[in-house]
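Asks: build the 3D model from these lines:
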Amino acid sequence: MTDSQALDNATEKTGTGTAGTNPLAPAPAGVRGAVDVVTPELVAQLTKGVVGSGRTANHTPFTGEKLADLPESTPEDVARAFTRARAAQSAWAATPVRERAAVLLRFHDLVLARQSEILDLIQLETGKARLHAHEEVLAVAIAARHYGRRAAAYLRTKRHTGAIPVLTHVTELRHPRGVVGQIAPWNYPLELSVGDAIPAFVAGNAVVMKPDTETCLTALWARDLLIEAGLPAEVFQVVIGDGPVVGPEIVKHADYVSFTGSTRTGREVAQGAAARLVGVSLELGGKNAMLVLEDADIEKAAAGAIRACFSSAGQLCISIERLYVHASIADAFLERFVARTKAMRLGRSLAYGADMGSLVGERQLETVTRHVEEAVAKGAKVLAGGVARPDIGPYFFEPTILDGVEAPMSVCAEETFGPVVSVYRFGTEDEAVEHTNATPYGLNASVWSKDGRRARAIAARLRTGTVNVNEGYGPAYGSVQSPMGGMKDSGLGRRHGSEGILKYTEAQTVAHQRLLPMAPSFGMDDEKYAALMSRSLRLMKAFRLR
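Replies: All right, here's what the predicted structure looks like:
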């Protein structure tokens, strides 16, 4: 199918023409296309390590055209991948942690040096704008640097106070879990694949990863680069296939499961892991809120809302979908926010310059269209956007602002996962906090105010795993020494920081009792021993021993 045929088909399917207002970003001269980037030689190189006996394919959202033919994994192929990973994992775990960490630091340098390659792949596979693709490069480089520098400290043997000071010597050891099974989503195919695998590797684990089929070339590129940086190839296995077929097989064989995706699928993954008594970390859905207080800088808040709501066309777990604005500044804020939204440039070139790209596929376009059309039919007002743009590509949809959204409109409570934000007005801080927390989700939030202390106090009242003050999502996510994850239906466990690496380990306590046993000795009877131990406990409290 040619580009023009794909666009004609999309226009016929949606029945929507070019009624929108967002301009098209001009394509710079000489920009490469899909055939220039995804060559047969590249596909052969990247798929060399994939365990797959079938055939499948992926496609680019920009045109709907096929990008590459790919190996497809069967349940038997998944089992073989785990066998290979287990055979390699013990030697990798025996490698000194500083040598494992050095692989990450070399990977950091390679990613930054060759970022143009991966930016092309991310754009072609996800449809996102290049600047938004670059966020993935930044996130992966930051994580590689952090764990490359800090892994030895996180994993070092630690000494603790024993049951009886001096007599009991206690150390805490950290052992890799073995083979981690990772199920990665399509929306951030670099960061949410290799970004989560990095701490697992440096902790001494092997990884069997199932990336989404439509975005697997990005994950495979990262695997190729990690191997170039020194990671043993067999330690990193990739399997490709339909989620309902391959996903349960990952859970069936893994010693620990890392999953990022929908809450519905996350529950299934958790149930499968629980049945085998293996650990699991889940980053799931969100219906994230942004609060603009009456003392906020309106210009900065409007510009920040563009980033918060429309990065990667809103296909970001921590993207803002609910916007609460104080009633006293709502009109002034919306005037600026709507103007900025209508001026956003849409584009599909493999170059910087577009403000937003495409949705990833037909399913996302159908959800976004359904949410907007239902809301309008029930009385909501479109302040900007609200239409598909098949004149640009089959899955483009304009950045959309809705006013007057109420229950039971689907967009009010369901995660849209697209470039749609609903605006609400509030009168008091308590009202804003109550509305923000009135959702089963609890992933991310944003608070805007010139008074930092006030904003942080409100942030502490929000039931979300991360809160950003005077920004949408970047500061909390990029601060990799701190944990990132969700509360309530938004997930279990955390990525980043100590929790992001220690979850991939098993803790072991070794207690060495010296000189005297933990029992009556030197002729003591039971009663005298019990009295001695009771006095010892009182003394330890008096000396403030922990």
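
Asks: what pLDDT is listed against G49?
Replies: We note a pLDDT of 87 for G49 in this prediction.

Asks: P40 versus the nearest residue to it once chain neighbours are set aside, what's the distance?
Replies: Spatial nearest neighbour of G49, chain neighbours left out: A233 (5.9 Å); criterion: C-beta to C-beta, 6 or more residues apart in numbering. (Each C-beta comes from the backbone N, C-alpha and C, glycine too.) Using C-beta to C-beta, to the nearest Å, one obtains 21 Å as the distance from A233 to P40.

Asks: mind listing what the closest residue to Q89 other than its chain neighbours touches?
Replies: Once flanking residues are discounted, Q89 sits nearest to A206: 3.9 Å by C-beta to C-beta, 6+ apart. Residues near A206 by C-beta atoms under 8 Å, 6 or more residues apart in numbering: A85, R86, A88, Q89, W92, G178, V179, V180, E234, V235, F236, Q237.

Asks: mind running it again at 7 Å?
Replies: A85, R86, A88, Q89, W92, V179, V235 (C-beta atoms under 7 Å, 6 or more residues apart in numbering).

Asks: looking at the sheet around it, what are its partners?
Replies: For A206, the beta-bridge partners are V179 (DSSP bridges).

Asks: thinking again about what came up before, next, count neighbours for the residue nearest to G49.
Replies: 14 (other C-beta atoms under 10 Å).

Asks: can you tell me how far the residue nearest to Q89 is from L282?
Replies: Taking C-beta to C-beta, one finds A206 at 21 Å from L282.

Asks: same question, I198
Replies: 18 Å.

Asks: ok, now A302?
Replies: In terms of C-beta to C-beta, A302 sits 34 Å off from L282.

Asks: what of W221?
Replies: With C-beta to C-beta as the criterion, W221 and L282 are 26 Å apart.

Asks: is it true that E471 touches G304?
Replies: Yes - applying C-beta atoms under 7 Å, one finds E471 in contact with G304, separated by 5.9 Å.

Asks: more neighbours: which of the two?
Replies: G304 (23 against 17).

Asks: check contacts around the more buried one.
Replies: By C-beta under 7 Å, 6+ apart, the neighbours of G304 are W448, N470, E471, G472.

Asks: separation between it and I320?
Replies: For G304, the distance to I320 - C-beta to C-beta - is 9 Å.

Asks: joint contacts of the two?
Replies: G472.

Asks: among the contacts of G304, which ones are buried?
Replies: W448, N470, E471, G472 (16 or more other C-beta atoms under 10 Å).

Asks: can you redo those as JSON lines with pLDDT and secondary structure?
Replies: Formatted as JSON lines, the buried ones among the contacts of G304 follow (pLDDT from 0 to 100; DSSP: H, G, I helix; E, B strand; the rest coil):
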{"residue": "W448", "pLDDT": "98", "secondary structure": "strand"}
{"residue": "N470", "pLDDT": "98", "secondary structure": "coil"}
{"residue": "E471", "pLDDT": "98", "secondary structure": "coil"}
{"residue": "G472", "pLDDT": "98", "secondary structure": "coil"}
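
Asks: okay if I get the residues you listed as a markdown table plus distance to H59?
Replies: What follows is those, written out as a markdown table (distance: C-beta to C-beta, whole Å):
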| residue | distance to H59 |
| --- | --- |
| W448 | 39 |
| N470 | 39 |
| E471 | 34 |
| G472 | 30 |
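
Asks: which of these sits closest to S521?
Replies: E471 (62.2 Å; C-beta to C-beta).

Asks: got a list of what that closest one touches?
Replies: E471 neighbours (C-beta under 7 Å, 6+ apart): G304, S446.

Asks: quick one: L70 is in a strand?
Replies: Yes - counting by DSSP: H, G, I helix; E, B strand; the rest coil, L70 falls inside a strand.

Asks: quick one: residues contacting it.
Replies: Per C-beta under 7 Å, 6+ apart, neighbours of L70: T47, T56, A57, N58, T213, C216, I240.

Asks: show residues contacting stretch 130-150.
Replies: Taking C-beta under 7 Å, 6+ apart as the rule, stretch 130-150 contacts 101, 104-105, 107-108, 111-112, 115, 118-119, 122-123, 188, 190-191, 194-195, 198-199, 202, 311-312, 351-352, 477-478, 480-481, 501.

Asks: for the record, mean pLDDT for it?
Replies: Mean predicted lDDT for stretch 130-150 stands at 98.

Asks: would you list the phi and psi of S116?
Replies: Main-chain dihedrals, S116, degrees, to the nearest 10: phi -60, psi -30.

Asks: an error on my part: the question was meant for Y441.
Replies: Residue torsions, per degrees, to the nearest 10, at Y441 are phi -90, psi 160.

Asks: go on, D403?
Replies: Torsion angles, degrees, to the nearest 10, at D403: phi -120, psi 150.

Asks: count the neighbours of it for me.
Replies: By other C-beta under 10 Å, 18 other residues sit near D403.

Asks: could you do G204 as well?
Replies: 24.

Asks: and it, that's in a helix?
Replies: No - using three-state DSSP, the assignment for G204 is coil, not a helix.

Asks: am I right that it is in contact with A94?
Replies: No - applying C-beta under 7 Å as the test, G204 and A94 come out as separate, 8.2 Å apart.

Asks: now the residue positioned nearest the centre of the chain: how far from Q271?
Replies: Residue closest to the average C-alpha location in the chain (C-alpha atoms, centre = their mean): L192, at 4.8 Å. Distance, L192 to Q271, using C-beta to C-beta: 22 Å.

Asks: list the buried ones in the helix or strand harbouring E373?
Replies: Counting by DSSP states H and E, the element that carries E373 is helix 362-377. The neighbour-count check on helix 362-377 (16+ other C-beta under 10 Å) flags Q364, L365, T367, V368, T369, H371, V372, A375, V376 as buried.

Asks: helix or strand right after it?
Replies: Next along from helix 362-377, by DSSP H and E: strand 381-384.

Asks: what sits up against that following strand?
Replies: L334, V338, T341, K342, V376, P399, T400, I401, L402, D403, G404.

Asks: among these, which are in strands?
Replies: When the contacts of strand 381-384 are checked against strands (DSSP state E), the matches are T400, I401, L402, D403.
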